[in-house]
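> Here is my input; please provide its structure:
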Amino acid sequence: MNRNFAYLLTSAAALAVVSTAQAADLPSRKAAPATYVKVCDAYGSGFFYIPGTDTCVKLGGRVRVEPGYISSGTIMLPPVIGNGKSSANSNAYTLSTSTGATTPGTMAITASSAYDTTGLHTRGIIMLDARTPTSMGTVRTSIWLRAVNESGVYASNYLTNTLVGGNSTSIKLENTFVQWAGFTSGITKENFTFLPGTGYIFTRRAGFSSGIAQFTYTQVFGDGLTGTIALEDKTGMNSAIAPHSLGGTVDRGGVLAAPPTIGGVPAVVANLRYDQSWGAAQLMGGVVENESLFSKPAAFNNVAAPKTVSAWGYAIGGGVKINLPMLAKGDEFWVQTGYSKGAFDWMIANNTSAQTSDHGVQLPGLQRIDRNMTVYGIGGNAGSGGAPTDAGVELTQAWNVATMLIHYWTPTVRSVVNFSYLNITPGDKTRNTDWALGGMSKANTFNVSKAVQWMPVKDFELGVEIGYSKLNQSLTGTNGAAPSAIAYPAGVSAAKISPDVWLARARVERSF
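From the prediction side, this is the model:
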């Protein structure tokens, strides 16, 4: 090896050492480890961990499309009477005992061509469910945002005599609540209903529309026994519709010309439920304060202005579910019954009557507006028809029974049969006031329906249901006198005081 070659080799080695040392000082360009979303199976399928937390979240949704039909025929609509409407969230109604100072209005009769018989209901729901474990149980937060578009019969408003529906879109919170340590705060299913919402026409999944705002505590006693007590927002109950200020000639005349108001304490509901392998049973009850605030007419010299009257109403009920695996896997029979006085809301929420589009749980068509409480005038000079000096109240009584049979013909095909009956008894003053002035008779209504539902894959449902409803009632007169005559519009030859309707709904529903 000559001297020049050795010098070159030594220089190359020195450069290699320097280059290696300098490279060690440079920042690394190696990619950071990837963070993957992990499945959370502690709360069922579909949950995953939010990266970097111990919170599990599930995102889902539902799309439902329902074409609907209601049979045509001449029907009688409720009267539009008196001094206008109050808040759309009221439980009490005023029966004005009038000597002619108000204009009560007339009963409307319409022919079949005057209202829609078909329509389309389209609903989309986005659901978010988040759960985090704590030392005192899981904290659960749920949000369901519902958007609905309705046309035709679904958009018709039978309550205000707008019978040809257009197209309407609404957005509501169907479920929005926080649960922890047995407490539930927010909007969710009300606590009186026992029957499930398996059918299409006569049932709802949430009991009342869009759930109900509440503050609830549930105690798990063990061995399938649980108890719940809840404070529920009564403005979300079914009788919270825009009432009429009604007129009459009962109990000494005068005018109570005031719409009802909300006010008072929340409704209180409690239930005790027992679940076993054979099925389930539940007892439930609720109380609600009905209030009415009316302003002082000129003739009410001895009545404070404004005058507030109130009365407590209550409802009790019970239900049983019996599993029928001897027939087919998944078969069930349900029955529920109840009684109410001044708490009519819970009777019509449980797979029973549907008198109006706001008041019921089916397609509209049976026209009757019942109320929890009637306010009427008392005192005064009966002989000369003097103004009343105070206000009295009476409460509407009702009882119901409802049944449901679910049968699986195959693992993916089932039928659902519903039957329900409701009996309504207004107070004595209401039953002895002319119908044109707000009087109402006793009534009963029954519903029956049959649905066939096919689930070709999980969370995908196709179905159709046909139902029949019948309302039995009569026109009332004042203190036994003949009721006022009905003014018939052109082309209508007879009033259908006790209407009956056929209804049909189909459903396409996909959940994810």
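> which residues of the stretch 301-450 of the chain score low on pLDDT?
301-307, 349-369, 376-391, 437 (pLDDT under 70).
> what are the ranges of the strands in it?
Secondary structure of the stretch 301-450 of the chain (DSSP state E, counting those that start in this stretch): strands at 307-323, 332-341, 373-378, 390-395, 397-410, 413-425, 443-457.
> What are the neighbouring residues in contact with residue 120?
65, 66, 67, 68, 149, 150, 151, 152, 154 (Cβ atoms under 8 Å, 6 or more residues apart in numbering). Just so you know, the C-beta spots here come from the backbone N, C-alpha and C atoms, and that holds for glycine as well.
> count of residues packed around the fourth one?
This points to residue 68. Neighbour count of residue 68, defined by other Cβ atoms under 10 Å: 24.
> Same check on the first one?
The burial count assigned to residue 65 is 15, neighbours taken as other Cβ under 10 Å.
> what's the closest non-adjacent residue to it?
residue 508 (4.6 Å; Cβ to Cβ, 6 or more residues apart in numbering).
> Please verify my assumption that that neighbour contacts residue 62.
No. Using Cβ atoms under 8 Å as the test, residue 508 is too far from residue 62 to be in contact (11.3 Å).
> Which one's more surrounded, those two?
residue 62 (17 against 14).
> Test my guess that the more buried one contacts residue 125.
Yes. Under the criterion of Cβ under 8 Å, residue 62 makes contact with residue 125 at 4.5 Å.
> Which single one of the contacts of residue 120 is nearest to residue 392?
Closest approach between these and residue 392, by Cβ to Cβ: residue 154, at 39.5 Å.
> where does that closest one fall, helix, sheet strand or coil?
coil (DSSP: H, G, I helix; E, B strand; the rest coil).
> Residue 504 versus the closest residue to it other than its chain neighbours, what's the distance?
Spatial nearest neighbour of residue 154, chain neighbours left out: residue 119 (4.1 Å); criterion: Cβ to Cβ, 6+ apart. In this view, residue 119 and residue 504 are 11 Å apart by Cβ to Cβ, to the nearest Å.
> Between the two, which contacts overlap?
residue 68.
> who's in contact with residue 132?
Contacts of residue 132 (Cβ under 8 Å, 6+ apart): 53, 54, 55, 56, 138, 139.
> Among those, which pair sits farthest apart?
Longest span within the contacts of residue 132, Cβ to Cβ: 53 and 138, 14.1 Å.
> Now do the contacts for the residue nearest to residue 65.
Shown in contact with residue 508 (Cβ under 8 Å, 6+ apart): 64, 65, 66, 461, 462.
> Could I get the pLDDT score of the second one?
Note on residue 65: pLDDT of 95.
> so which strand or helix has it?
According to DSSP states H and E, residue 65 maps onto strand 56-70.
> Quick one: the helices in the chain, in order.
Remark: helices assigned in the chain by DSSP state H are 3-24, 345-348, 428-431.
> pull the CA atoms of the second one into PDB?
Read that as helix 345-348. Taking C-alpha atoms only, helix 345-348 is exported to PDB below (Å, rounded to 0.1, in the frame of the first residue of the first chain):
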ATOM      1  CA  ASP A 345    -104.800  12.700  29.500                       C
ATOM      2  CA  TRP A 346    -103.500   9.400  30.700                       C
ATOM      3  CA  MET A 347    -106.600   7.500  29.500                       C
ATOM      4  CA  ILE A 348    -106.200   8.600  25.800                       C
END
